[in-house]
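Enquirer: Sequence first, then the predicted structure:
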Amino acid sequence: MTIASRKSMPVLPKSHEIELAGKASAEMRTFLSGDGKRDIQFSLRSGKRSVGFLLPPAIVEFLFNTLLHIADGNAVTLVPIHAELTTQEAANLLNVSRPYLIQLLEKGKIKFHKVGRHRRILFADILKYQEKSKDKSRKAREELTKEAQDLDLGY
């Protein structure tokens, strides 16, 4: 599986990995349609070695979503919620330039702290900013839609 740690660059999955992820996610989908309250038995086998264990539904759903991304050909990176990111890592996650991110930090839009001269941002704070930004965009779209309907612009 192509899962990169935070310290390495994400690697795009190979065609064989994409195919296996697609098959595995299709099989897992049937287990997610249950009530979501029962643990799910997992079995792994490689050559002569095999092991079985239980996983809670939330972890199975996480694995399922990860497989869906890989099946779509996306690289997947795991980032712990309490990870401290550099400004470049945070900018990459937000898909903005590093100078723009620094403006957001200096304006107080995203919390950060300094380690020596370097700014560090908690991943959790990046997620909070993204959520606020999405809410702001959604509200603006709703207002524009309402205004277009009030003006009878065909929306």
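Expert: Yep, it's here.

Enquirer: residues near residue 75, how many?
Expert: Counted with other CB atoms under 10 Å, the neighbours of residue 75 add up to 14. Every residue, glycine included, has its C-beta placed from N, CA and C.

Enquirer: Residue 11 is in contact with that one, correct?
Expert: Yes. Taking contacts as CB atoms under 8 Å, residue 75 lies within contact range of residue 11: 5.8 Å.

Enquirer: measure stretch 114-121 end to end?
Expert: Terminal residues of stretch 114-121 lie 9 Å apart, using CA to CA, to the nearest Å.

Enquirer: The longest helix anywhere in the chain - what's its average pLDDT?
Expert: Counting by DSSP state H, the longest helix found in the chain is helix 123-150. Mean pLDDT, helix 123-150: 92.

Enquirer: May I see the buried residues of it?
Expert: Within helix 123-150, the residues scored as buried using 16 or more other CB atoms under 10 Å are 123, 125, 126, 129.

Enquirer: Surely residue 154 is in a helix?
Expert: No. Residue 154 is assigned coil when assessed by DSSP: H, G, I helix; E, B strand; the rest coil, not a helix.

Enquirer: rewinding a little: just checking, what packs against the longest helix of the chain?
Expert: Applying 3 or more CB pairs under 8 Å, 6 or more residues apart in numbering; DSSP states H and E, we find helix 123-150 packed against strand 84-85, helix 87-94.

Enquirer: same thing but 7 Å
Expert: Applying 3 or more CB pairs under 7 Å, 6 or more residues apart in numbering; DSSP states H and E, one finds that helix 123-150 contacts helix 87-94.
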